[in-house]
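S.K.: give the three-dimensional model of this entry:
(chains A and B)
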2 protein chains.
Amino acid sequence: MSKLLRINTKEKTYTFEEAGELAALGGRALTSKMILDEVPATCHPLSKSNKLVIAPGLLGGTPAFNSGRLSVGAKSPLTGGIKESNAGGLVAQKLAKMDIKAVVLEDKPEIDDAFSMLVIKKDSVEFLPADEYAGQGTNATINGLWDKYGKRTAVMCIGQAGEQRLTGASIQLADPKGHAGRACGRGGLGAVMGSKKIKAIVVDDTSADKVPVADPEAFKEANKKWGRLLKDHPVTGQGLPSFGTAILVNIVNEAGALPTKNFREGRFEFAQDISGERMVELINERGGVPTEGCHPGCVIRCSQVYHDKNGKYLTSGFEYETIWGFGSNLLVKDYDEIAMMDAICDDVGVDTIEMAGSLGVAMEGGLIQWGDGQAAIDLLNKIKTGDPLGKIIGNGAAFTGKALGVDRVPVVKNQTIPAYDPRAVKGVGVTYATSPMGADHTAGYSVTANILKVGGDVNPLKKENNIELSKNLQIATAAIDAAGLCLFVAFAVLDSDNGIQLIVDMINARYGLSLTPDDVIALGKSILENENEFNRRAGFTKKDDQLPSFFKDERLPPHNTTWDFTEEELQTAKVS
Amino acid sequence: MSKLLRINTKEKTYTFEEAGELAALGGRALTSKMILDEVPATCHPLSKSNKLVIAPGLLGGTPAFNSGRLSVGAKSPLTGGIKESNAGGLVAQKLAKMDIKAVVLEDKPEIDDAFSMLVIKKDSVEFLPADEYAGQGTNATINGLWDKYGKRTAVMCIGQAGEQRLTGASIQLADPKGHAGRACGRGGLGAVMGSKKIKAIVVDDTSADKVPVADPEAFKEANKKWGRLLKDHPVTGQGLPSFGTAILVNIVNEAGALPTKNFREGRFEFAQDISGERMVELINERGGVPTEGCHPGCVIRCSQVYHDKNGKYLTSGFEYETIWGFGSNLLVKDYDEIAMMDAICDDVGVDTIEMAGSLGVAMEGGLIQWGDGQAAIDLLNKIKTGDPLGKIIGNGAAFTGKALGVDRVPVVKNQTIPAYDPRAVKGVGVTYATSPMGADHTAGYSVTANILKVGGDVNPLKKENNIELSKNLQIATAAIDAAGLCLFVAFAVLDSDNGIQLIVDMINARYGLSLTPDDVIALGKSILENENEFNRRAGFTKKDDQLPSFFKDERLPPHNTTWDFTEEELQTAKVS
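M.R.: This is a model prediction of the structure:
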């Protein structure tokens, strides 16, 4: 029997209840449905009325390759709208094995109550004092909990940023090696967990069964083809495993779309110094790990372990977005400085993209100088101590802009725009503007057809066909997020005739269903409908589906394009 | 010929142009019309697209009693909506005498350009370096400018808060004695002036004529009756002149509506210690001035000069709102501590109501302790130095709430709720919720009929008739703000049969018109229509016309009422 695990963080009680109709959902489909139905859209995101919903995907816990993503949803303290953020790690698969469709953190203790931690087992939840871990970074927290509960448990936790309820706060998940390098980064979900005074969640699936599969043969067959599909595609089979997501640095720079100096230019003079190719050189020289998965069953293996000059562990899960954000965005070209910033963000528990926005705005406002990586590191280090400057930076780019009186702030719905300039990758610009999530490249990654020429070829510099491209990808992405699949499977799926069918086959075999690809598209649409409905109830309008005006006013070198979609055009990209 | 004076702050140029149709407007009617027509509603309030419009009222510069208010408008950096804030001082009358309907600050220099000051004369504008004054408080700025340009000039300026473009920043005006005690406080207009790099504006009307009056006899006759009306009413003729606006402390406390400990209770144990009666005792003991006008021609004279224990000047224009905000709101009962906070706010140039919100939230979040006046003073003192904590506090209550992760934040449209608990003065609660200005008691001061029983008697604890009360007052207030009259004339007008007629008579005599009271009401409505239209274009919806949910969830002692208007009911209070 599929269960929802509801946890009252004020009363320190819990109930397992039948999932009922919600059992048919998973991942983002489930988190967004529950947030829409159970959270008053106009409530304060840090109030007792908000809920944190933690859900594995429909394929979670199965042997399906790359199906170990965990969705976390809530009303976002950063955007004020609905939010789903997903990550790898070990939690999703273990929850799925215990047939827990979702863990729901409800209500909240007093603001100055002590932090607790939760140990979730098949039929029980323990509330324990977290005094040992409160005030600690995520790595120390994970290490401590693995020492105590063993390395077979899964851990998700917040750092000092989440404890402070900063709107840039992430929830970090231990990867298979116990590094705190996987993040539900976007939208300040760590602040929601912090408001509920939960420092960490340990998931122990010791006595859990395997996930039941209705038709094991069919499942095995489909998954075999699925693995081959992922292995055979040049992006998922070669590019990402070889260089990680940082492979994009040179590609996007070449396309003239690598945001440089807070979105002033599309090319960075020192792109080569911060490229994926260079990263792998450094990793190999220093004895790091060039390719690994963020969760068991990953065949793409775009993660890595990056060592410092002395060959000591520095960071892991070192992504293109982070390298862009602390690199070209700030005019920093020293890879070790960028890696240090990534490490600090993972440990204190903040979103690297949002912090990239904060630091860019801090440079814009003259708080620190362009290109000064050490000053940026020093600023990030202020977050953990509760220093007022740390609170400013840790609350994100829009907040930092307000603190410093800066009007050139690259956000949509208050969330920092990621690593593709929307003037030179217009399809992803449509996604930034119209996704219910706020600016989010993963919500509809049009970089595929715009730049990589995967799944089509749409001119990134012109408006034509980019609305449709973004809209279709937003729908497909929502479905992938519901399945609990890594978004990167999309590269292979988009270039194949039977990719979606294979996903459908696995879901059908898992649950004994007979869904069609159309059903999956319908699921994707329904997710977006739910999310847009929540945002409407929260007061969002088409005025919120806009890029900042400087993208319209300033031409982006080298292509000298501007952002030129009208309000009405953008509305057509939305699934209402 | 009525003129608009447009000043390009980037090019440092100016043009006088014919006011044309706008000549029929004044004060808030003019600022809101120009903002609606000329400022893109979705622009960043600190961008070059925003404008700061400075306008005397329709009766400005005439001998009409209490007609010296200056309206300043812009898109608000605090609320994101349209804003008009008005104050006394000397600027309005001098601009009106030069037949300048509005001064419009446009465009903006680079963020790190030096500050300028403007000297406006009848036919010319000088742009001068403000190096001497940049970084100075408003009192030093005004003193320096009076030393240079003489005490017959009018000065408006920003303090260090406006220079930093903090969203709590005010524009301060010199009162007739040269004290920086009069403020366009609300909505962060000082940040707009700061973004345009204008530190101060000196208005020198040396060679200006008198304001022309079409029918001098009729004007004189109406004004004589008008003065008598104001003198004869117990509030404007006795209460306000005797005790200032602080007379309200005991009255509102008695009514159980004096917000105490960040809106937790409606009565303050030590209300007597911070009452108007006590203030006047202290002023008289110490050689201050118990009653004076904020502009020439004021017969209400609710302002005052407050000396410290050593008989030295401490502050002036020491208002009920300020005394509440730094008093019962923070559980502070020491009058000198409260006066010191007022003095700091005037000098650094921030809104006292917004800072009351910030400090209340800072106490809520544990940054400083309840009742610790010295800690509150220390925090306010951090604003002028650019300290990060000062930036947090100086950006207002919602910002402070986000910085500290506090969800119990008393704001509407991001602006701090003033000194009447909406659960116990429901008419003013309707105004807070529905005014296009954000939470603002002056936008529809239902305290009149709710508490003072002026202009009617509407139960403040029940919903009945409070929508209508607020709506009518919002309309009347907009008209009064267009006339350039002090809002307090409303006490006398509401209790009289011919108050509005007298205002109409003066406007008719001044301009040679034949308006009726209905025309004035129509003007008030049209102002609200323009303002609501701007906010709609900026993306505001009925979801923004709400009080924070804690007013619905928490009962307010002693009456134990909650806020219980529905979204739909509140919409009926709006002039669409």
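S.K.: which residues of the stretch 51-200 of chain A lie near chain B?
M.R.: A:77, A:111-112, A:164-167, A:191, A:194-195 (C-beta under 8 Å from any C-beta of the partner chain). Any C-beta I mention is one placed from the backbone N, CA and C, and that applies to glycine too.
S.K.: try 10 Å
M.R.: A:77-78, A:108, A:111-112, A:162-167, A:169, A:188, A:191, A:194-195 (C-beta under 10 Å from any C-beta of the partner chain).
S.K.: ok, residue A:8 - contacts?
M.R.: Contact partners of residue A:8, counting by C-beta atoms under 10 Å, 6 or more residues apart in numbering or on different chains, are A:14-15, A:48, A:104-109, A:127, A:196.
S.K.: go again using 7 Å as the cut-off
M.R.: Contact analysis of residue A:8 by C-beta atoms under 7 Å, 6 or more residues apart in numbering or on different chains lists A:106-107.
S.K.: bridged to it, which residues?
M.R.: Beta bridges link residue A:8 to residue A:13, residue A:106 when assigned by DSSP bridges.
S.K.: what pLDDT does it get?
M.R.: Looking at residue A:8, its pLDDT reads 98.
S.K.: pretty sure residue A:333 sits against residue A:272.
M.R.: No. In this structure, residue A:333 is not within contact of residue A:272 by C-beta atoms under 7 Å, at 9.1 Å.
S.K.: which phi and psi does the residue of chain A most remote from its centre have?
M.R.: Largest separation from the mean C-alpha position in chain A: residue A:217, at 33.1 Å (C-alpha atoms, centre = their mean). As for residue A:217, its main-chain torsions (degrees, to the nearest 10) stand at phi -60, psi -50.
S.K.: do you know the pLDDT at it?
M.R.: 98.
S.K.: hmm, back to that, what about residue A:333 and residue A:272, which has more around it?
M.R.: Between residue A:333 and residue A:272, residue A:333 has the larger neighbour count (other C-beta atoms under 10 Å in any protein chain shown), namely 18 against 13.
S.K.: name the nearest residue to the more buried one, sequence neighbours excluded.
M.R.: With C-beta to C-beta, 6 or more residues apart in numbering or on different chains as the criterion, residue A:333 has its nearest non-adjacent residue at 3.8 Å, and that residue is residue A:270.
S.K.: what's the local residue count around that neighbour?
M.R.: 16.
S.K.: swap in residue A:366?
M.R.: Residue A:366 has 12 nearby residues by other C-beta under 10 Å.
S.K.: got it, and residue A:296?
M.R.: Residue A:296 has 11 neighbours, counted by other C-beta under 10 Å.
S.K.: that one: what's it in contact with?
M.R.: A:68, A:93, A:176.
S.K.: in helices, which of those fall?
M.R.: Secondary structure from DSSP state H places residue A:93 of the contacts of residue A:296 in helices.
S.K.: now the contacts of residue A:296 as CSV including pLDDT and neighbour count?
M.R.: Shown next, in CSV, are the contacts of residue A:296 (pLDDT from 0 to 100; neighbours: other C-beta atoms under 10 Å in any protein chain shown):
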residue, pLDDT, neighbour count
A:68, 97, 31
A:93, 98, 28
A:176, 96, 19
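S.K.: one step back: and the residues of the stretch 51-200 of chain A next to chain B, which of them are buried?
M.R.: For those, a burial check counting by 16 or more other C-beta atoms under 10 Å in any protein chain shown picks out A:77-78, A:108, A:111, A:162-167, A:169, A:188, A:191, A:194-195.
S.K.: burial count for the closest residue to chain B within the stretch 401-550 of chain A?
M.R.: Closest residue of the stretch 401-550 of chain A to chain B, C-beta to the nearest C-beta: residue A:405 (2.6 Å). Residues lying near residue A:405 (other C-beta under 10 Å) number 23.
S.K.: got the CA positions of the helix or strand containing residue A:279 in CSV?
M.R.: In this assignment (DSSP states H and E), residue A:279 forms part of helix A:276-286. Output of helix A:276-286 as CSV, limited to C-alpha atoms (Å, rounded to 0.1, in the frame of the first residue of the first chain):
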residue,chain,number,x,y,z
GLY,A,276,35.2,21.3,-19.0
GLU,A,277,38.3,20.2,-20.8
ARG,A,278,40.5,22.1,-18.5
MET,A,279,38.6,20.8,-15.5
VAL,A,280,39.3,17.2,-16.4
GLU,A,281,42.9,18.0,-16.9
LEU,A,282,43.1,19.4,-13.4
ILE,A,283,41.2,16.5,-11.9
ASN,A,284,43.4,14.0,-13.6
GLU,A,285,46.6,15.8,-12.6
ARG,A,286,45.5,16.0,-9.0
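S.K.: what is that helix packed up against?
M.R.: Applying 3 or more C-beta pairs under 7 Å, 6 or more residues apart in numbering or on different chains; DSSP states H and E, one finds that helix A:276-286 contacts helix A:240-243, strand A:289-292, strand A:303-307, helix A:335-348.
S.K.: now these as JSON lines including distance to residue B:512 and mean neighbour count?
M.R.: Supplementary listing: the helices and strands packed on helix A:276-286 in JSON lines, determined by distance: least, C-beta to C-beta, whole Å; neighbours: other C-beta atoms under 10 Å in any protein chain shown:
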{"stretch": "helix A:240-243", "distance to residue B:512": "79", "mean neighbour count": "21"}
{"stretch": "strand A:289-292", "distance to residue B:512": "84", "mean neighbour count": "18"}
{"stretch": "strand A:303-307", "distance to residue B:512": "79", "mean neighbour count": "24"}
{"stretch": "helix A:335-348", "distance to residue B:512": "68", "mean neighbour count": "24"}
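S.K.: how about these in a markdown table, adding mean pLDDT and distance to residue A:367?
M.R.: As requested, the helices and strands packed on helix A:276-286 are exported to a markdown table (pLDDT from 0 to 100; distance: least, C-beta to C-beta, whole Å):
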| stretch | mean pLDDT | distance to residue A:367 |
| --- | --- | --- |
| helix A:240-243 | 96 | 33 |
| strand A:289-292 | 96 | 36 |
| strand A:303-307 | 97 | 28 |
| helix A:335-348 | 98 | 16 |
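S.K.: and of the ones you listed, who's closest to chain B?
M.R.: Nearest of those (C-beta to the nearest C-beta): helix A:335-348, 14.7 Å.
S.K.: run the angle between that closest one and helix A:276-286 for me.
M.R.: 80 degrees (axes from the mean of the first three to the mean of the last three C-alpha atoms, to 10 degrees).
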